[in-house]
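K.L.:
Below are the sequence and a predicted model for it; my questions follow.
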Amino acid sequence: MKEKIIEVTIEREHIQRTSRRIRAVEVWCERCQQTVMMLRPDEASSLSGLSVRSLCRAVEASELHFTETTDGLLFICLNSLIQISS
Ligand SMILES: [Zn+2]
């Protein structure tokens with residue numbers, strides 16, 4: 001997996017606008033059926049303002065799309081993160 005720096009803007013009810021540079025990897029998401037940007041939980045947490053715990057719960061509840069690397073690292077699909085954050 002190749003890591004990239006991307007800029008993401010999340011708009012919450014047109015009031016709060018968060019623009020952040022984050023590290024992400026480009027991987028296939030089974031649920032989106034396309035190649036998406038995926039983030040590590042700590043990056044996803046600082047971007048969305050949700051705690052890593054909440055993110056893990058959302059992953060378990062299938063609200064967030066994710067992938068796991070062979071060495072057990074969790075990556076969260078940016079598309080699904082934006083959906084639950086906005
Ligand atoms: Zn996805």
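P.N.:
Sure, I can see it.
K.L.:
for the record, mean pLDDT for the helix or strand harbouring Val25?
P.N.:
Using DSSP states H and E, Val25 sits within strand 16-29. Average pLDDT, strand 16-29: 82.
K.L.:
what do you get for stretch 64-72?
P.N.:
Across stretch 64-72, the average pLDDT comes to 92.
K.L.:
Tell me the helix or strand right after the strand holding Val25.
P.N.:
Following strand 16-29 in sequence order, the next helix or strand is strand 34-39 (DSSP H and E).
K.L.:
Report the buried residues of that next one.
P.N.:
By neighbour count on 16 or more other CB atoms under 10 Å, the buried set for strand 34-39 is 36-39. From N, CA and C alone the C-beta is placed, and that goes for glycine too.
K.L.:
one step back: mind giving me the packing neighbours of the strand holding Val25?
P.N.:
Applying 3 or more CB pairs under 8 Å, 6 or more residues apart in numbering; DSSP states H and E, one finds that strand 16-29 makes contact with strand 3-12, strand 34-39, helix 41-48, strand 66-68, strand 74-77.
K.L.:
Distance to the ion added to the ones you listed, as CSV?
P.N.:
Shown next, in CSV, are the helices and strands packed on strand 16-29 (distance: least, CB to the ion, whole Å):
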stretch, distance to the ion
strand 3-12, 14
strand 34-39, 5
helix 41-48, 12
strand 66-68, 8
strand 74-77, 3
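K.L.:
picking that back up, Serialize the buried residues of strand 34-39 to TSV and add fields for pLDDT.
P.N.:
Converted to TSV, these look like this (pLDDT from 0 to 100):
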residue	pLDDT
Val36	95
Met37	93
Met38	94
Leu39	93
